[in-house]
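Undergrad: sequence and computational prediction follow.
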Amino acid sequence: MLRPAARLICLLVIVIGFSSIEISAASAEASVPPEGSSTVHEVRIPKASDKFEPALLKIKAGETVKWVNQDDRGHPIASIPGQGTNDKELFSSPIPPGGSWSHTFRKVGEYPYFCYIHYVMMGAVIVEDPDKTPPAKTE
């Protein structure tokens with residue numbers, strides 16, 4: 001009996017957290033990678049697995065992530081409210097089976113996300129500064 005109540009509370013928190021987003025403008029802007037975006041990283045939603053692969057992805061600012069749904073169910077992508085660099089950065093309509101959705105990350109930071117229908121599905125994108133190179137290894 002607690003489980004349906006917990007789901008309802010989670011859904012209410014999500015709806016309230018995203019109520020100030022202009023969904024149509026955000027989706028249209030984020031769904032198509034801009035021209036000149038050289039690198040597109042892919043996150044797969046495998047069939048019948050309720051997970052993102054890879055669950056953690058490191059990219060550079062200005063690069064694009066494309067979520068590809070290989071499952072038989074739709075999966076919407078959304079930022080986890082109250083977490084990350086910009087907790088309202090990601091919000092897609094349900095990605096249909098065989099479909100995809102892309103978003104270009106312009107700011108350095110951490111972007112945790114989840115499927116807001118199947119809340120056990122979580123992932124994160126870590127966006128790094130493209131101008132910073134890792135320190136050289138010394139032997």
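TA: Thanks, I have the structure now.
Undergrad: switch to C-alpha atoms for all contacts and neighbour counts from now on
TA: Will do.
Undergrad: show me where the chain has helices.
TA: Counting by DSSP state H, one finds helices in the chain at the ranges 2-17, 23-31.
Undergrad: mean pLDDT for those helices: which is lowest?
TA: With a mean of 35, helix 23-31 has the lowest mean pLDDT of those.
Undergrad: point out where the protein drops to low pLDDT.
TA: 1-37, 133-139 (pLDDT under 70).
Undergrad: if we go to 50?
TA: Within the chain, the ranges that satisfy pLDDT under 50 run 1-2, 5-6, 8-34.
Undergrad: for it, just list every one of the strands.
TA: Here the chain has its strands, by DSSP state E, at 40-45, 56-60, 64-69, 77-79, 100-104, 109-115, 122-128.
Undergrad: check which residues of the first one are buried.
TA: The one in question is strand 40-45. Residues 40, 42-45 are the ones in strand 40-45 that count as buried (16 or more other C-alpha atoms under 10 Å).
Undergrad: TSV for the residues you listed, including distance to residue 121?
TA: Formatted as TSV, these follow (distance: C-alpha to C-alpha, whole Å):
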residue	distance to residue 121
40	22
42	16
43	12
44	12
45	9
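Undergrad: contacting residues around residue 108?
TA: Contacts for residue 108 (C-alpha atoms under 8 Å, 6 or more residues apart in numbering) come out as 60-61, 126-129.
Undergrad: just the buried members of those?
TA: With neighbours counted by 16+ other C-alpha under 10 Å, the contacts of residue 108 contain buried members at 60-61, 126-128.
Undergrad: pick the one among the residues you listed closest to residue 67.
TA: Ranked by distance to residue 67 (C-alpha to C-alpha), these are led by residue 126 at 15.2 Å.
Undergrad: mind checking which of the strands of the chain is nearest residue 92?
TA: Comparing the strands of the chain by their distance to residue 92 (C-alpha to C-alpha), the top pick is strand 77-79, with 5.3 Å.
Undergrad: circling back to that earlier point, need the max-distance pair from the buried ones among the contacts of residue 108.
TA: 61 and 126 (9.3 Å).
Undergrad: could I get the CA-only coordinates of stretch 112-128 as CSV?
TA: Presented in CSV, the C-alpha positions along stretch 112-128 are these (Å, rounded to 0.1, in the frame of the first residue of the first chain):
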residue,chain,number,x,y,z
PRO,A,112,21.6,14.0,-13.2
TYR,A,113,18.5,12.8,-15.0
PHE,A,114,15.8,10.0,-14.9
CYS,A,115,12.9,8.6,-16.8
TYR,A,116,9.9,10.4,-15.1
ILE,A,117,7.6,7.4,-15.8
HIS,A,118,10.0,4.7,-14.7
TYR,A,119,11.7,6.5,-11.9
VAL,A,120,14.2,3.7,-11.2
MET,A,121,15.9,4.6,-14.5
MET,A,122,18.6,7.2,-13.6
GLY,A,123,21.8,8.5,-15.3
ALA,A,124,24.1,11.6,-15.3
VAL,A,125,26.0,13.6,-17.8
ILE,A,126,29.1,15.4,-16.5
VAL,A,127,30.1,18.3,-18.8
GLU,A,128,33.7,19.4,-18.6
